[in-house]
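K.L.:
only the shape, not the letters, is given here:
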């Protein structure tokens, strides 16, 4: 599956930024590949517009990586564009889990101020429905922490029984501290 021209798209989680340790790890593990790691806006409709523009310009093939809320957006892109997605502790139902995110925030790394509005939950529900209707589980690789203290992934193995892969990791939390280990496994399996 390896190609000289390919794009890696990293989608960060809620309250994060594109330029963080995970995107840096991707750059280290896949040198010479085009790495896109945008700062995502809070509005899901704006996120979709941003991602559509990136997908239109990125050299194919595109491999999408996402963590937490970014994992949901990676799932959405995989469903819409038929690209492989690597989902790390993904928030597969953010319209249900992000009620606690409503309000004013500042991103961890860049300190970008923003407001996550209650109306965004309806947009996320619509996007989830669209993705569920189109998703090809054979394109999805799940990397899940047994000790995720934010999201419950217990239903994912049954829901995605036909996923390309689904792996559990101990002692890495919602942040998924074993990200680099997983990247090595992705390379060893030749999924990229």
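P.N.:
Structure received. As the structure is a computational prediction, the values presented were derived from the model and not from experiment.
K.L.:
next helix or strand past the helix or strand where residue 126 lies?
P.N.:
For residue 126, the host element (DSSP states H and E) is helix 119-134. Downstream of helix 119-134, the next assigned helix or strand under DSSP H and E is strand 140-145.
K.L.:
from the chain's centre, how far out does that next one sit?
P.N.:
Centre-to-centre, strand 140-145 and its host chain are 10 Å apart (C-alpha atoms, centre = their mean, to the nearest Å).
K.L.:
now tell me what touches it from outside.
P.N.:
75, 78, 84-90, 153, 156, 160, 163-170, 172-174, 176, 178, 182, 186, 191 (C-beta atoms under 8 Å, 6 or more residues apart in numbering). Using the backbone N, CA and C atoms, a C-beta is placed for each residue, glycine as well.
K.L.:
please identify the buried residues of whichever helix or strand comes after that strand?
P.N.:
Using DSSP H and E, the helix or strand that follows strand 140-145 in sequence is helix 156-159. Using 16 or more other C-beta atoms under 10 Å as the test for burial, helix 156-159 gives residue 156.
K.L.:
got the contact list for helix 156-159?
P.N.:
Residues outside helix 156-159 that contact it (C-beta under 8 Å, 6+ apart) are 92, 142, 144, 166.
K.L.:
averaged pLDDT, the helix holding residue 126. What do you get?
P.N.:
Throughout helix 119-134, pLDDT has a mean value of 98.
K.L.:
secondary structure element for the residue most central in space within the chain?
P.N.:
Centroid-nearest residue in the chain, with C-alpha atoms, centre = their mean: residue 66, separated by 1.6 Å. Assigned by DSSP H and E, residue 66 belongs to strand 62-67.
K.L.:
follow-up on the earlier one: could you measure from the residue nearest to the centre of the chain over to residue 88?
P.N.:
Residue 66 is 7 Å from residue 88, where distance means C-beta to C-beta, to the nearest Å.
K.L.:
got it, and residue 72?
P.N.:
Distance, residue 72 to residue 88, using C-beta to C-beta: 11 Å.
K.L.:
more neighbours: which of those two?
P.N.:
residue 72 (29 against 26; other C-beta atoms under 10 Å).
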